[in-house]
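> need the 3D shape of this:
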Amino acid sequence: MTTRRPLLLLALAAALAGVLLALVLAFTLPDAKPAPADAAAAGGDPFATTASKPDDPAHPSIGRSRADVRGFRQSWMRALGPTRIEARAPDPRGGPPWAVRVVTAQNLIERRDGSLFPTGKPQQCAQLGRIYHGQFGWIDAANRFRAAVGMVYRSNPIRCERAADLRHDPQLEVLTRVSDPAHGAPRPLQSVVWGFGGTTAQRVGLQVGGRARSVAPTPAAAVLLPLGSGARPSVSATFRYGGGRSVVVDDSFGGWNVKHDAEFARWAGLSSVRPRAGAVPTLEYRLADPGGGPPLGIAAAPATDGGWCVSGMGTIVGDRVGAIDRGLGTFLEAGPTLNSGCSSPGGRPTRRRPLSVSFGLSVAAGGSAGLERFPQARRAHIVRRALPGKTTVTGVASPAVVSITIATPRDVRTITPSPRAHVFAVVYDGGFPTGEIALTARLRDGTTYSEPPLMTP
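Predicted coordinates:
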């Protein structure tokens, strides 16, 4: 009688040897997959997020130049003359110097056959950038320099305006570079004050944090002041033109032209209330993004009449609210809108109608927008089973309101307005195919008020 025991032991020994060999090879052989950076360099998506190197401002890596997006009705830009660098400034963080270049350009629209045709009149344009190895370009959140080839909308921060309009509406902006959102919540790294007044401007007076800062004269009155951190000071500039005309632009709360905005408000019959000069906004309301992205919020700043000006809903970076440009790695603060951000006393909530409500619906990518470049947010979006798009309910309540109950076809939520500006907000992933959204406010005296319900689309 034969036995199978020796054969069985031999088979087990062979299998064990195979497992040990596989483990040895797994730990000793190099990974056959290309690294993300190598994949991008080999011709993959130039916007794909790559592993970020340690923050070394003086030695950014090199990436491919950005190109315009091709397609029917896409906007292009063509320089009509030489591009000149008008302002330079050293980087306080030790990186490549900052620069502002100015050019006269023509906007173009792409036809179906791929040809381009001009739209509108020529404009004066200014681009903010960095100079590295003699080239003008941009350094993104992954500490990667991309040279700017020609005039490309999305290669650098850009501001454009017709020459005649610049005399009434000069451009001023406080832009903040942020850390790479692919590695956690974005953090403010560095702010820069920049802008221009056009070729008819004679000189510029700049105030930053209540202190006067010198601005060297340039042909287009370019302004450039990089800061050493991501702090957000109050900023204003006075652009002076011929005939004694001067225009004050205050960018302390999302940017507003003191004279131009007041004239437009009177012409349109809107509120003349504005953010108080030099008032830096602070975070007023905070809530989670149902899609798993960075938190959302609303900012507020004191108004000229003693009330409050509030921003729209935006992404929170540090203690500020605004929008992140994922391609450039920049953050731009949200400001109040002319028609509702700074309500006049007659347009604010009252005892008879204690709620001022706005509804918003994003039916495009919404909460999943750009998640292909944010791995952590994409994973959170999948785990949460979040729907694409967002539905928002925001508003301002009377000081007499202690709580607000919001009933939708999906759930019922009770929230409390903020203590200063009395702001409230909720956000839902996706939309509501049927039903209505109803708001009920409870006042301090125990009475309730019901807002007329909104029928969902």
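> nearest residue to residue 455 other than its sequence neighbours?
Using C-beta to C-beta, 6 or more residues apart in numbering and skipping residues adjacent in sequence, the residue nearest residue 455 is residue 436, 5.1 Å away. Glycine gets a C-beta too; all of them are placed from N, C-alpha and C.
> the one you found contacts residue 453, correct?
Yes. Residue 436 is within contact range of residue 453, at 4.2 Å (criterion: C-beta atoms under 8 Å).
> strands of the stretch 51-200 of the chain, start to end?
Along the stretch 51-200 of the chain, counting by DSSP state E, counting those that start in this stretch, strands occupy 61-62, 75-79, 84-89, 98-110, 116-118, 123-132, 135-139, 144-147, 158-161, 171-178, 188-196.
> lowest-confidence stretch among those strands?
Lowest mean pLDDT of those: strand 75-79, a mean of 83.
> lowest-confidence helix or strand of the chain?
When each helix and strand of the chain is scored by mean pLDDT, DSSP states H and E, helix 36-41 comes last, with a mean of 36.
> re earlier: same list, the strands of the stretch 51-200 of the chain, but as JSON lines with distance to residue 311 please.
JSON lines is the format used below for the strands of the stretch 51-200 of the chain (distance: least, C-beta to C-beta, whole Å):
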{"stretch": "strand 61-62", "distance to residue 311": "35"}
{"stretch": "strand 75-79", "distance to residue 311": "27"}
{"stretch": "strand 84-89", "distance to residue 311": "29"}
{"stretch": "strand 98-110", "distance to residue 311": "27"}
{"stretch": "strand 116-118", "distance to residue 311": "35"}
{"stretch": "strand 123-132", "distance to residue 311": "23"}
{"stretch": "strand 135-139", "distance to residue 311": "26"}
{"stretch": "strand 144-147", "distance to residue 311": "30"}
{"stretch": "strand 158-161", "distance to residue 311": "20"}
{"stretch": "strand 171-178", "distance to residue 311": "14"}
{"stretch": "strand 188-196", "distance to residue 311": "17"}
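> what would these look like in TSV with distance to residue 291 and mean neighbour count?
Below are the strands of the stretch 51-200 of the chain laid out as TSV (distance: least, C-beta to C-beta, whole Å; neighbours: other C-beta atoms under 10 Å):
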stretch	distance to residue 291	mean neighbour count
strand 61-62	30	14
strand 75-79	28	16
strand 84-89	38	16
strand 98-110	32	20
strand 116-118	36	12
strand 123-132	30	23
strand 135-139	28	22
strand 144-147	26	22
strand 158-161	29	20
strand 171-178	19	24
strand 188-196	22	22
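> nearest to residue 344, out of the ones you listed?
Nearest to residue 344 among these is strand 171-178 (25.5 Å), distances taken as C-beta to C-beta.
> and the closest one, what does it pack onto?
Where contact means 3 or more C-beta pairs under 8 Å, 6 or more residues apart in numbering; DSSP states H and E, strand 171-178 is packed against strand 158-161, strand 188-196, strand 235-241, strand 330-333.
> angle of the longest one against strand 84-89?
Right, the one you point to is strand 188-196. 140 degrees (axes from the mean of the first three to the mean of the last three C-alpha atoms, to 10 degrees).
> C-terminal to strand 188-196, what's the next element?
Proceeding N to C from strand 188-196, the next assigned helix or strand is strand 201-208, under DSSP states H and E.
> same deal with the third one?
On the C-terminal side of strand 235-241, the nearest following helix or strand under DSSP H and E is strand 246-250.
> so for the protein, the centremost residue is which one?
Centroid-nearest residue in the chain: residue 323, 2.0 Å away (criterion: C-alpha atoms, centre = their mean).
> quick check, that one in a helix?
No. Using DSSP: H, G, I helix; E, B strand; the rest coil, the assignment for residue 323 is strand, not a helix.
> beta partners of it?
With DSSP bridges as the criterion, residue 323 is bridged to residue 332.
> repeat that for residue 356.
Applying DSSP bridges, one finds that residue 356 bridges with residue 396.
> for it, give its distance to residue 315.
Distance of residue 356 to residue 315, computed by C-beta to C-beta, to the nearest Å: 23 Å.
> who's more crowded, those two?
Neighbour totals were compared for residue 356 and residue 315, and residue 315 leads with 21 against 18 (other C-beta atoms under 10 Å).
> where does the residue nearest to that one when sequence neighbours are not counted land on pLDDT?
For residue 315, ignoring the flanking residues on the chain, the nearest one in space by C-beta to C-beta, 6+ apart is residue 294 at 5.1 Å. Looking at residue 294, its pLDDT is 85.
> and residue 294, what element?
Using DSSP H and E, no helix or strand contains residue 294.
> do you know how far it is from residue 136?
30 Å.
> how close does residue 240 sit to residue 200?
As judged by C-beta to C-beta, residue 240 and residue 200 stand 10 Å apart.
> same question for residue 158.
The gap separating residue 158 from residue 200 is 20 Å, by C-beta to C-beta.
> same question for residue 102.
13 Å.
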